[in-house]
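>>> Build the 3D model from these lines:
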Amino acid sequence: MPALASVLFLISSNSIAAGGHDGHGGGGNKGGSFCKKALIEHIKPAHLATVSPQSEFSFWVKEIKDADQVEVTVKKIPVEMIAEQRIGFISFKGKLPASLVGTAARIQVKAQTKKCPAQKGWLLKITD
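Next comes the predicted model:
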């Protein structure tokens, strides 16, 4: 009988520990919808890389339907991007603003989705 009580305790403990983790959508399943964040990946050049002025940079965004959902700034300067639809993701390419020379700059990518906006940023060192 004590073994059965131990097993029941372990089962109920796991159920309690797992509570609230359904969907991993930041707060549970509210109203039958869940959060599916955009994924910003394959950033180039890598974080903290040293690059020349006006260098090209690129990244992929998954889980979005339209390139217009993505906003890119470099050191708070809006940057025009070239987007190419691929199977399963959208590829983005752009150039660092000409005004950024001999400085560090953060590339900030924001993907605006209905329920789960996503963002990612990385720093580059720009030479003279």
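>>> How much space separates the residue lying closest to residue 70 once chain neighbours are set aside from residue 79?
Ranked by C-beta to C-beta, 6 or more residues apart in numbering and with sequence neighbours excluded, the top spatial neighbour of residue 70 is residue 111, at 5.3 Å. The C-beta positions use only the backbone N, C-alpha and C, and glycine is treated the same way. Using C-beta to C-beta, to the nearest Å, one obtains 15 Å as the distance from residue 111 to residue 79.
>>> Residue 59 now?
With the distance defined as C-beta to C-beta, residue 59 ends up 12 Å from residue 79.
>>> quick one: which of those two has more around it?
The residue with the greater number of neighbours, taking residue 59 and residue 79 and applying other C-beta atoms under 10 Å, is residue 59; the counts read 22 against 18.
>>> neighbours around the nearest residue to the more buried one once chain neighbours are set aside, how many?
Spatially, and ignoring its direct neighbours in sequence, residue 59 is nearest to residue 43 (4.6 Å; C-beta to C-beta, 6+ apart). Other residues lying near residue 43 total 17 when counted by other C-beta under 10 Å.
>>> which residues does residue 43 contact?
57, 58, 59, 107, 120, 122 (C-beta atoms under 8 Å, 6 or more residues apart in numbering).
>>> Can you say which of those residues are buried?
Buried positions within the contacts of residue 43, assessed by neighbour count (16 or more other C-beta atoms under 10 Å), are 57, 59, 107, 120, 122.
>>> wait, which of the residues you listed is closest to residue 66?
Of all the buried ones among the contacts of residue 43, the one with the least separation from residue 66 (C-beta to C-beta) is residue 59, at 16.1 Å.
>>> Beta-bridge partners for that closest one, please?
Taking DSSP bridges, one finds residue 92 as the beta-bridge partners of residue 59.
>>> ranges for the helices of the protein?
Secondary structure of the chain (DSSP state H): helices located at 2-18.
>>> Kindly state the domain boundaries assigned to it.
Per automatic domain parsing, the domain ranges recorded for the chain read 1-30, 39-126.
>>> in stretch 61-68, what's buried?
Along stretch 61-68, the positions that meet the burial threshold by neighbour count (16+ other C-beta under 10 Å) are 61, 62, 63, 64.
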